[in-house]
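[1] Here is a sequence together with a model predicted from it:
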Amino acid sequence: MCRITGGITFSGDNFTENVLVKMRDRLSAGGPDSFGVYMEENIRLAHRRLSILDLSLSGIQPMVWNEWVISYNGEIYNFKDIKDELIQEGIVFDTKTDTEVIIKAFATWGEEAVNRFRGMFAFALWNKHSQELILCRDRLGVKPLFWYLKDDLFLFASEIKAFHNHPNFDKSLDLRGLPHYFQKGFFHENDCIYKYVKKVPPGTFLRVNLSKKIQISRYWDVENIYENSVIDPRPEKEIIDDLEGVLKESFKLRMVADVEVGVFLSGGVDSSLVTALLQADSQSSLQTFTVGFDDKRYNEAKVAEEVSRQLGTNHTTLYCTEKEFQQVIPELSEIYDEPFGDCSAIPTYLISKLARKNVKVALSGDGGDELFGGYSKYKFTKHAGSMLAIPYSLRKLLYNGSFFVDPSTVEKLARTFKFNSYLQVGSKYHKFRQTILSRNLDDFFYKSSSYIDDESLNKFINFPVLSNISFLNNHPDNLLNYLGKEDMISYLPGDILIKVDRASMYVALETREPFLDPEIIKIAFTLPEQLKCSKTGESKYILKEILKKYISPELVMRPKQGFTVPIEKWLTGFLREDLITMQNDSRFFEIFKLNQGFFKEVLKSFFSERNKYNPHFIWFVYCLFGWYKKWL
C-alpha cells in the first residue's frame, strides 16, 4: 500500500525534481517507509511506500524493467499464482513484491493482465519506447486515482492535495457536484470540486501520450456483471454452502502480507463474519479492534466484545469521549481534500489510529450491505408501492401542510405503510418525510438516502441543479440486486471507500475489503432475492445463516445499528458557535453560490427544534466550510 503521483510536461515547463518531490512528500502520511522518483524529459513519476510485501529495499518504487516504469498503490492478493504463470513463460524475478508481478504481467500480456488481478490497485505505467503513460484503477475504486489536465500539464495522484504543490495547478472550482454533495454528503464519481481535476473511473485504463491524446477504456463493469447474471435455481443449502466456501477463500486471500493483519470488528454481521471465517482457519488469535461510545444509542462495543469472546480473538476496544471527537474534526479537511460529509469518518479515523498501534493491515466488512441487501433503504424501497399508489397530487397537498411537520404524525403514517422500523434505524424521520413526494421506485430510492429535499436544495443553491438520477420504469424481479448494483456504482466508491481509504492511510494503515472480491460479486448477483431479504423481512439472510454456525443466534439476529455519531447533539452543543460564525461568512456563500439568507433560516429553525431540516445537511455545509478554510 502506498501513495503515487507524477505527470507529463508537454513543453518543458517548471516541473522540476524539487516540485515532484514536494508533490510526493505531500502524501507522506500514507507512505512513511520509503520513497523514490523517476524522471525523463517529459515524464515524472514519484512514490511513497507503506511496506506490506517484501519489506526489503528491493520493493522501492518507481520500479524499472526494460522499457517499463511503474509507480503503484495497492495489493494484488493472488500475485504468487500470477508469478508462477509468468515463470512458466520464462520470466525471471528479482524481488518478492507484487509490484514486479504487475509490471512483468503487463509487459507479457498487455492490458489483459489486469483481468487476472484479484486485489485493490491504482498504478501508473510509463513506456519509454512508445512515450505513453497508462493509468489504471481497480474494479470498484477501492484505491483512489485523480488526474489533472490544463494547457501543457498533465498530473496524476492518489490524493488531490499533491496537485497543490505544483505551481501551475489551477484551483478553479466546478460547482456542478455540489447539489449531490448536499443531498448525499459526498461528490459523485463523475464530479470533482476542481474544474480541471477528474477521477479515473473504477475498472478503467486511461492512456495519455505526448500529443495530449487521452483514451479511457473500461476493462470491468459492475453493470455488465449484473446484466449477465442468472439467478441460481439450486436448493438454498447448496447455495449457502458454496457461498461460504468462496467467502473463506476470498477472506483468506486478504491475509497475504509480510506484516501482521488485524480486523475491524464492529459487532455487525459483515465484520463478524469476516472475523469468524478467518479465526476458524487460524492457529492463533486474530487481533480485532472496536471503537466504543458513551452514548448507548451509538455504541456496539459490548456486542463486538461478546463476538470476540465467542470467536476467541485478541480484542482491543477504545472508548471515545466527546473531547476526542472534537480533536478529530479540525483534521477532517486535511484528511479529505475534497469536501466530504460522512460523519462516520470520525470513528473510522479513530479505529484506524487504534489498530495502527498494533498492526499495519486491517480488514473491514465494507461491501457486505451492497452485495447482500443489508441497507434498510433496500427493504423499504421494495415496499414503497403502497405509498406510491396514492396520487402524487394528494401526497403533495399533505406534504405542504402542517401534517408533515410534526414527527409523531409522520411516524404514524410510516406505520401505516409498514415503514415504522425504518424510522427506528438511526435518524430517518427527514428521509422518510421526503420520500412522500417520490415519483417512482428509483426516485424513492434516491430520496431515501438524501439529506435535503429538492425544494429546499433549490432555495439554497443559486444555480441550476442537474439531476444524476436515471429513472428505470421496468424494474427486474430481483429488485435488491438492482439497488445493490446502483450503490456499487455511486455510494460505495463515492462515500464508503473514500471514507475508509483516507482515514486509514492518514495513519499509515492499509485497509482491505474482502467482500469486494470479483468472485463474491459474481455470486451475489445470482442469489435469489429471498436469500438476501427473507420472506419474514430479515435482511442479509444468507450471511446470517452462515454466521450462525460460528456465534450465537442472538448476536446474529440483532437489528442493524450502523457506524455513526450523535451529530445533532454536536451541532447544537460544542459546534453551535462555529455554525453561527459560518452563517455570517458572506465570502463563503458567495464563492459557492449559496443562499446565505436561506441558510440562516435553516439554522434558526434547527436551533428552535422545529425538526424541519436534517442535521446531517447542516453538517455537510459545515464540512464544506472547513474545506473552504483549509484549501481556499
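    Done, it's in.
[2] ranges for the strands of the stretch 301-450 of the chain?
    In the stretch 301-450 of the chain, the strands defined using DSSP state E, counting those that start in this stretch lie at 314-320, 361-363.
[3] Can I get the longest one in CSV? Just the C-alpha atoms.
    Taking Å, rounded to 0.1, in the frame of the first residue of the first chain, the C-alpha atoms of strand 314-320 are listed here in CSV:
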residue,chain,number,x,y,z
ASN,A,314,-7.4,-10.9,20.8
HIS,A,315,-9.6,-7.9,21.1
THR,A,316,-9.0,-4.2,21.8
THR,A,317,-11.7,-1.6,22.5
LEU,A,318,-11.2,2.1,22.6
TYR,A,319,-13.9,4.1,24.3
CYS,A,320,-14.0,7.6,22.9
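[4] Just give the nearest non-adjacent residue to L86, would you?
    Once flanking residues are discounted, L86 sits nearest to K104: 5.7 Å by C-beta to C-beta, 6 or more residues apart in numbering. Glycine gets a C-beta too; all of them are placed from N, C-alpha and C.
[5] and that neighbour, that's in a strand?
    No: K104: not assigned to a strand; according to DSSP: H, G, I helix; E, B strand; the rest coil it is helix.
[6] any idea of the pLDDT on it?
    K104 is assigned 98 on the pLDDT scale.
[7] Let's check: the centremost residue of this structure is which one?
    L497 (1.9 Å; C-alpha atoms, centre = their mean).
[8] Now that residue. Its backbone dihedrals?
    Dihedral angles of L497 (phi, psi; degrees, to the nearest 10) stand at phi -70, psi -40.
[9] Name the nearest residue to it, sequence neighbours excluded.
    Nearest one to L497, counting by C-beta to C-beta, 6+ apart, is V142 at 5.4 Å.
[10] before we move on, what SS does that neighbour have?
    Strictly by three-state DSSP, V142 counts as coil.
[11] you'd agree it is up against I496?
    No: contact criterion C-beta atoms under 8 Å: V142 and I496 do not qualify, at 9.8 Å.
[12] The two: which has the busier surroundings?
    V142 (27 against 23; other C-beta atoms under 10 Å).
[13] residues touching that one, list them.
    The neighbours of V142, taking C-beta atoms under 8 Å, 6 or more residues apart in numbering as the test, are G74, M120, L497, D501, E513, L516.
[14] Please tell me how far it sits from H383.
    32 Å (C-beta to C-beta, to the nearest Å).
[15] sorry, back to before: closest one to S172 out of the contacts of V142, please.
    S172 has its nearest neighbour among those in D501, at 25.8 Å by C-beta to C-beta.
[16] Pretty sure that closest one sits against L140.
    No: if you go by C-beta under 8 Å, D501 and L140 don't touch, sitting 11.8 Å apart.
[17] now the helix or strand harbouring L457: how far from the chain's centre is it?
    Secondary structure from DSSP states H and E places L457 in helix 454-460. Centre-to-centre, helix 454-460 and its host chain are 26 Å apart (C-alpha atoms, centre = their mean, to the nearest Å).
[18] Quick check: mean pLDDT of whatever helix or strand comes next after that helix?
    Counting by DSSP H and E, the next helix or strand C-terminal to helix 454-460 is helix 479-489. What helix 479-489 shows for mean pLDDT is 95.
[19] T435 against F444, yeah?
    Yes: using C-beta under 8 Å, T435 is in contact with F444, at 5.3 Å.
[20] Could you name every residue contacting both of these two?
    With C-beta under 8 Å, 6+ apart as the test, T435 and F444 both reach A384.
[21] neighbour count winner among the two?
    Taking other C-beta under 10 Å, T435 and F444 do not tie; T435 has more neighbours (28 against 22).
[22] Just the pLDDT for that one.
    T435 is given a pLDDT of 86.
[23] looking at this protein, which helix or strand is least sure?
    helix 420-423 (a mean of 52; mean pLDDT, DSSP states H and E).
[24] Any idea how far the host helix or strand of G6 is from the middle of the chain?
    Take DSSP H and E as the rule and G6 turns out to sit in strand 2-9. Mean C-alpha position of strand 2-9 versus that of the full chain (C-alpha atoms, centre = their mean) differs by 22 Å.
[25] averaged over its residues, what pLDDT does that strand have?
    Strand 2-9 comes out at a mean pLDDT of 96.
[26] After it, which helix or strand is next? Please name it.
    Following strand 2-9 in sequence order, the next helix or strand is helix 17-25 (DSSP H and E).
[27] what angle sits between that following helix and strand 2-9?
    150 degrees (axes from the mean of the first three to the mean of the last three C-alpha atoms, to 10 degrees).
[28] Show me what stretch 453-460 is in contact with.
    Outside stretch 453-460, the residues within contact range by C-beta under 8 Å, 6+ apart are 179, 182-183, 433-434, 437, 447, 452, 465, 594-595, 598-599, 602, 613.
[29] so F606 sits in a helix?
    Yes: under three-state DSSP, F606 falls within a helix.
[30] quick one: contacts for it?
    Contacts of F606 (C-beta under 8 Å, 6+ apart): L571, T572, K612, Y613, P615, I618.
[31] The fourth one and S456, how far apart?
    Yep, that's Y613 we're talking about. In terms of C-beta to C-beta, Y613 sits 7 Å off from S456.
[32] ditto for the last one
    Distance of I618 to S456, given as C-beta to C-beta: 12 Å.
[33] Same check on Q326?
    29 Å.
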